[in-house]
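Asks: Based on what follows, work out the 3D shape:
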Amino acid sequence: MFKRILIANRGEIAVRIIRACRELGIESVAVYSTADKNSLHVSLADKSVCIGPPPSAKSYLNMDAVISAALVYKCDALHPGYGFLAENPAFEELCMENTITFIGPPSEVISLSGNKSMALETMRKNRIPVIPGSDGNLKDARHAVACARRLGYPVIIKAAFGGGGKGMRICSNPGEMESMFNIARSESVSSFGAGEIYIEKYIKNPRHIEFQIIADNSGNAVCVGERECSIQRRHQKLLEEAPAGNLSERTRRTIREYAVRAANAVKYKNLGTIEFLLDEKENFYFIEINSRIQVEHPVTEMVTGIDLIKEQINMAAGLKNPYLGKDLKSRGHAIEMRINAEDSENNFAPSPGRIIECLLPGGPGVRVDTFIKPDFVIQPFYDSLIAKLIVWGNSRYEALGRAERALDEFRIEGIKTTIPFHKRILDNKNFKSGIIHTHFIEQQCGM
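Replies: Numbers count the residues shown, from 1 in each chain. I've put the predicted structure just below:
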C-alpha cells in the first residue's frame, strides 16, 4: 500500500480524498493556490504546499508544479480527483515517468475515453448499442448536412473531446447546420484545443443513467450500481439519485452487463462510469466513459456501503477486485443535491464572496461533503460547487422527505446559493413521481 499520496485538487473532493487516506493510514499532501491558503483541505492534510497563484493554469493545471510537489514530498502516488488534470493522459504519463502511481486508469484508456468518437466506434465494434450517428468525425458542414439527411432531423452536433455541454448544438433543419457546426467547432477549439466534430440522432426527452465500474489492474471489472443523472441544466448535472427509479429490473440488469462489456472493450482499470441515454421505451444507448471519480459518487456509496475513494486507492495499489462474483444489491435510496455559489433567480450567475454564517444540516441519513465554513471566502477563480448534500432513506419517498428537511436546515449567509432552486425541484409533482428526463429543468422549471 502507498505511504504518501499527493492530492492534485481542491475543494470538497480534496477533503474527501484526505479523509479516505487518513482512514487507510496513508499520509496526504495537499497542493493549493495562494487563493486557497486558508481552505479546509490545506489544514486537514498532513502536509501542504503552495503551487502557484489563483488562476488554475498557473496552479492546479500546472503539471510541472504538481509533479515537483509530489517529488519534493516523496509521494509514491497521486490522486487527481475530478476536473483539472484528472482526465489528462499526458499528466498520467508524466506521473509514470517520475515513478508516481497515478490513481486512475492508464493514459491509453484516458485517451480513448476522452475521444468520444473513438469510444463510440469501439462500442460499435463490440456490439454495444450506440445512438445512430456519423461514422467518426466530420470534415466540414457539407458532410454534416449529408449525414443529417441520412439520420433524419433533429440531430445533435458534438465535440469529439467535449464535456459539460461545450461544443454541443441541437440542429433542427439543414438551414441551421452550417452555422451550428461552425459554432460547435469554434467552442471545441477554444475549450478543448481540438476541433473534431461528429453528429448523432437527437433523442427527445431521454434519461441519462450512468453505471459505476470498479476494475483491478488485471482488468477484472464489475458494475456496482447505477445513478440517475437526468436533472441537468445546460448539460450540467444538478441532482443525482441511486438507484435509478422507474426502471424495469430486466433493463437494469441488461445495461449493467453492457457496462461491464464496455469496460472490458477498452481494457478499463481503476474506477470509472459508463454512461447511457434511455428513450421513453427503455431503449438504451452508450454515450461516453468518464475515466475518473464522479462528483455524484456519494449516492452510490450510500446505497452500497462501498467507499469508492478507498477502492480507487486499493485498485491503484494492485489489490484484487473484492466484488468479483458477488451479487451486489442496493439498499434504500439516496439523493445528492449540488449546492453551488450561484444565484438561481438571476440566470445562475456566479456568487463569490465571504460566507458570513454557515449551518450544515445533520440527523439520520444526512451527509454533507464540503469545504466551507463561516468567514470563508468563495473565490471567483474556480468551479462554483461549494457543497454536496446527500440524503439516504429506506425508500425514495423517505429520501425525498429527508432531502426537504435537510434543505430547510441548510443555512448559508453572505452569498447566493442554489438551495432555493433544489427546494423548487423537490416540490415539483412530476419529480416526486419520478417522471424525469434531461430537459426536465427547462420544461418544468422554465430555466
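
Asks: which ones are touching the closest residue to Gln232 other than its chain neighbours?
Replies: In space, Gln232 comes closest to Thr438 once its chain neighbours are excluded; the distance is 5.4 Å by C-beta to C-beta, 6 or more residues apart in numbering. No exception for glycine: its C-beta is placed from N, CA and C like everyone else's. Going by C-beta atoms under 8 Å, 6 or more residues apart in numbering, Thr438 touches 205-208, 230, 232, 235, 277.

Asks: With Asn220 instead?
Replies: 320-321, 324.

Asks: Can you check the pLDDT for the residue lying closest to Cys147 once chain neighbours are set aside?
Replies: Using C-beta to C-beta, 6+ apart and skipping the chain neighbours, the partner closest in space to Cys147 is Ser134 (4.7 Å). At Ser134, the model reports a pLDDT of 89.

Asks: and Ser134, how many neighbours?
Replies: Residues lying near Ser134 (other C-beta atoms under 10 Å) number 22.

Asks: Tell me the spacing between it and Glu196.
Replies: Distance of Ser134 to Glu196, given as C-beta to C-beta, to the nearest Å: 11 Å.

Asks: joint contacts of the two?
Replies: Ser117.

Asks: which of the contacts of Asn220 lies closest to Phe2?
Replies: Nearest to Phe2 among the contacts of Asn220, counting by C-beta to C-beta, is Lys320 at 16.6 Å.

Asks: so what's the closest residue in space to that closest one that isn't next to it in sequence scoring on pLDDT?
Replies: Closest residue in space to Lys320, ignoring its immediate chain neighbours: Asp216 at 5.5 Å, by C-beta to C-beta, 6+ apart. Per-residue pLDDT puts Asp216 at 98.

Asks: need the helix or strand of this protein with the lowest average pLDDT.
Replies: None of the helices or strands of the chain scores lower by mean pLDDT, DSSP states H and E than strand 155-163, at a mean of 86.

Asks: which residues sit against that strand?
Replies: So strand 155-163 is contacted by 114-118, 133, 137, 144, 147-148, 166-171, 180-181, 184-185, 187-188, 191-202 (C-beta under 8 Å, 6+ apart).

Asks: mind listing which of those residues are in strands?
Replies: 166-171, 197-201 (DSSP state E).

Asks: Kindly confirm my reading that Phe286 is in a strand.
Replies: Yes: read with DSSP: H, G, I helix; E, B strand; the rest coil, Phe286 is one of the residues of a strand.

Asks: Would you mind giving me the confidence score for it?
Replies: So Phe286 comes in at 97 (pLDDT).

Asks: likewise Gln312?
Replies: 98.

Asks: which residues of the stretch 51-200 of the chain score low on pLDDT?
Replies: 163-164 (pLDDT under 70).

Asks: Tell me where it has helices.
Replies: 63-72, 89-97, 107-114, 116-125, 141-151, 174-192 (DSSP state H, counting those that start in this stretch).

Asks: Of all the ones you listed, which one is nearest Val377?
Replies: helix 63-72 (22.8 Å).

Asks: which helices and strands does that closest one pack with?
Replies: For helix 63-72, the packing partners by 3 or more C-beta pairs under 8 Å, 6 or more residues apart in numbering; DSSP states H and E come out as strand 4-7, strand 27-33, strand 47-52, helix 89-97.

Asks: Let's have those in JSON lines, adding distance to Thr417 and mean neighbour count.
Replies: Output for the helices and strands packed on helix 63-72, formatted as JSON lines (distance: least, C-beta to C-beta, whole Å; neighbours: other C-beta atoms under 10 Å):
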{"stretch": "strand 4-7", "distance to Thr417": "25", "mean neighbour count": "26"}
{"stretch": "strand 27-33", "distance to Thr417": "23", "mean neighbour count": "24"}
{"stretch": "strand 47-52", "distance to Thr417": "27", "mean neighbour count": "18"}
{"stretch": "helix 89-97", "distance to Thr417": "32", "mean neighbour count": "18"}
